[in-house]
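K.L.:
I would like the atomic coordinates for the input below:
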Amino acid sequence: MTDRPTIAPAHAPQWHEALFYTGDDDYLAATVPFVEDGLAAGEPVLIAVPTYGLGLLRRFDGVDGVRLLDMVRAGRNPARIIPSVLHAFVAGHGGPVRVVGEPVWPGRAAADYPRCVQHEALVNIAFADHPVRMLCPYDAARLDLDVLADAASTHPVLMRGGDRQPSLGYTRPERIVDAFNRPLPEPTTTTTVLVFETAGLSGVRGLVVALATEAGLAPDRVTDLRIAVNELATNAVATAAGPAILRVWTEPDALVCEITGSSVLTDRLAGRIPPPHTTERGRGLVLVNLLCDLVHVHTTEDSTTVRLLMDR
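P.N.:
Next up, the predicted model:
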């Protein structure tokens, strides 16, 4: 994959911090001053945490300069957090901002986790040139040690019990993203397969609409999925020498659509940063991330697979 310019580990950015907390008091002892200091400095603050955390920080509800978001909904798809939550907030203000962001919490689905780690790593690249400070809480009492180790690898600074120290485990973001570029698990239920080229795009759309409707998706979600699949399918055959493959199957809580093509996605930030308004290129995967409930991307030396999940 293509390396975008970023800061070397020895000179890691100091604005992206992980907070390892062990209870409500510990959580509040770090997050409340972080928010209040930002407001005192005239810095708008975004609080994007799970429902439980919003309850703890409800004192800031309605406060000028503070926006609260439920990360369970806003960050349902981890690949959506940078473009629709963070980038939208940072770009909407002309100066320094602060963010309390909690993308990983006890009970979050295991299938989401690799995308969460990649998200945290990519934050270090996506906002390297922006005046932003981010504090990312991690429940150290209830999350696995492996999760905390991954947090240490994606955050240049760690806070624990009031102590703020450089993270000795911090790793170049590109390495983290590549380490979690893992083969996707094979479906365990009956799969519908369609091999298609450009002339078959209408058939792709029709099949997806039929199967999504049969699976019980609401009409607006069927439309969202049709748009997302069409974006991916069109790109898969436009940028590859041969046909692409569509697979569709149902899981207990989701409908899954997957497209594999022979072109290789090399930009790690693809789908994360909205392109300038002056160009139409680069919008497809951003749109897919906004529309779908979970998006997995897996690349090999000669192919790219994008798997979309729509909750049902």
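K.L.:
The residue lying farthest from the centre of the chain and Trp105, how far apart?
P.N.:
In the chain, the greatest distance from the average C-alpha position (C-alpha atoms, centre = their mean) is reached by Ala199, at 32.5 Å. Per C-beta to C-beta, to the nearest Å, Ala199 is found 46 Å from Trp105. For glycine as for every other residue, the C-beta is placed from the backbone atoms N, C-alpha and C.
K.L.:
re the thing from before, phi, psi for the residue farthest from the centre of the chain please.
P.N.:
Main-chain dihedrals, Ala199, degrees, to the nearest 10: phi -70, psi -20.
K.L.:
From here on, call the first residue 10.
P.N.:
Shifting the count to begin at 10 puts that one at Ala208.
K.L.:
Which residue ranges of the chain form helices?
P.N.:
Taking DSSP state H to define them, one finds helices in the chain at 33-49, 60-65, 80-83, 96-100, 122-135, 154-163, 182-188, 210-223, 228-247, 293-300.
K.L.:
Show me the domain layout of this protein.
P.N.:
18-188, 201-320 (automatic domain parsing).
K.L.:
Reformat these as JSON lines; add distance to Pro194.
P.N.:
Listed next are the domains of the chain as JSON lines, based on distance: least, C-beta to C-beta, whole Å:
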{"stretch": "domain 18-188", "distance to Pro194": "9"}
{"stretch": "domain 201-320", "distance to Pro194": "10"}
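K.L.:
Would you mind giving these as CSV with mean pLDDT added?
P.N.:
Output for the domains of the chain, formatted as CSV (pLDDT from 0 to 100):
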stretch, mean pLDDT
domain 18-188, 95
domain 201-320, 94
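K.L.:
for those, which one sits closest to Glu195?
P.N.:
domain 201-320 (9.9 Å; C-beta to C-beta).
K.L.:
Now do the end-to-end distance for that closest one.
P.N.:
Terminal residues of domain 201-320 are spaced 18 Å apart (C-alpha to C-alpha, to the nearest Å).
K.L.:
before we move on, what about stretch 90-108?
P.N.:
12 Å.
K.L.:
Confirm for me that Ala245 is in contact with Ile268.
P.N.:
Yes: Ala245 lies in contact with Ile268 (C-beta atoms under 8 Å); the separation is 5.4 Å.
K.L.:
which neighbours do the two share?
P.N.:
Ala253 (C-beta atoms under 8 Å, 6 or more residues apart in numbering).
K.L.:
how near is the closest residue to Gly293 other than its chain neighbours to Gly280?
P.N.:
Computed as C-beta to C-beta, 6 or more residues apart in numbering, the closest residue to Gly293 that is not its neighbour in sequence is Glu240, at 4.2 Å. When distance is defined by C-beta to C-beta, Glu240 is 10 Å away from Gly280.
K.L.:
which one of these two has more residues nearby?
P.N.:
Neighbours per residue, other C-beta atoms under 10 Å: of Glu240 and Gly280, the larger number sits with Gly280, 24 against 19.
K.L.:
if I look at the more buried one, how far off is Thr248?
P.N.:
Distance from Gly280 to Thr248, by C-beta to C-beta: 15 Å.
K.L.:
What of Pro285?
P.N.:
From Pro285 to Thr248 the distance is 21 Å (C-beta to C-beta).
K.L.:
higher neighbour count, those two?
P.N.:
The residue with more neighbours, out of Pro285 and Thr248, is Thr248; 14 against 8, by other C-beta under 10 Å.
K.L.:
Quick check: the gap between that one and Gly293.
P.N.:
11 Å.
K.L.:
Skip the chain neighbours and tell me the closest residue to Ala149.
P.N.:
In space, Ala149 is closest to Phe29, 4.0 Å off (C-beta to C-beta, 6+ apart).
K.L.:
give the contact list for that neighbour.
P.N.:
Tyr147, Ala149, Leu157, Ala160, Leu167, Met168, Arg169.
K.L.:
make it 7 Å
P.N.:
Tyr147, Ala149, Leu157, Leu167, Met168, Arg169 (C-beta atoms under 7 Å, 6 or more residues apart in numbering).
K.L.:
Let's see if you can find the most crowded of the residues you listed.
P.N.:
Tyr147 (26 neighbours).
K.L.:
my read: it touches Val113, true?
P.N.:
Yes: applying C-beta atoms under 7 Å, one finds Tyr147 in contact with Val113, separated by 6.4 Å.
K.L.:
re the thing from before, beta-bridge partners for the residue nearest to Ala149, please?
P.N.:
With DSSP bridges as the criterion, Phe29 is bridged to Tyr147, Arg169.
K.L.:
quick one: contacts for Gly110?
P.N.:
Ala57, Met143, Cys145.
K.L.:
ok, the residue nearest to it when sequence neighbours are not counted - how many residues close by?
P.N.:
Closest residue to Gly110 apart from its sequence neighbours, by C-beta to C-beta, 6+ apart: Ala57 at 4.9 Å. Residues contacting Ala57 under the criterion other C-beta under 10 Å number 23.
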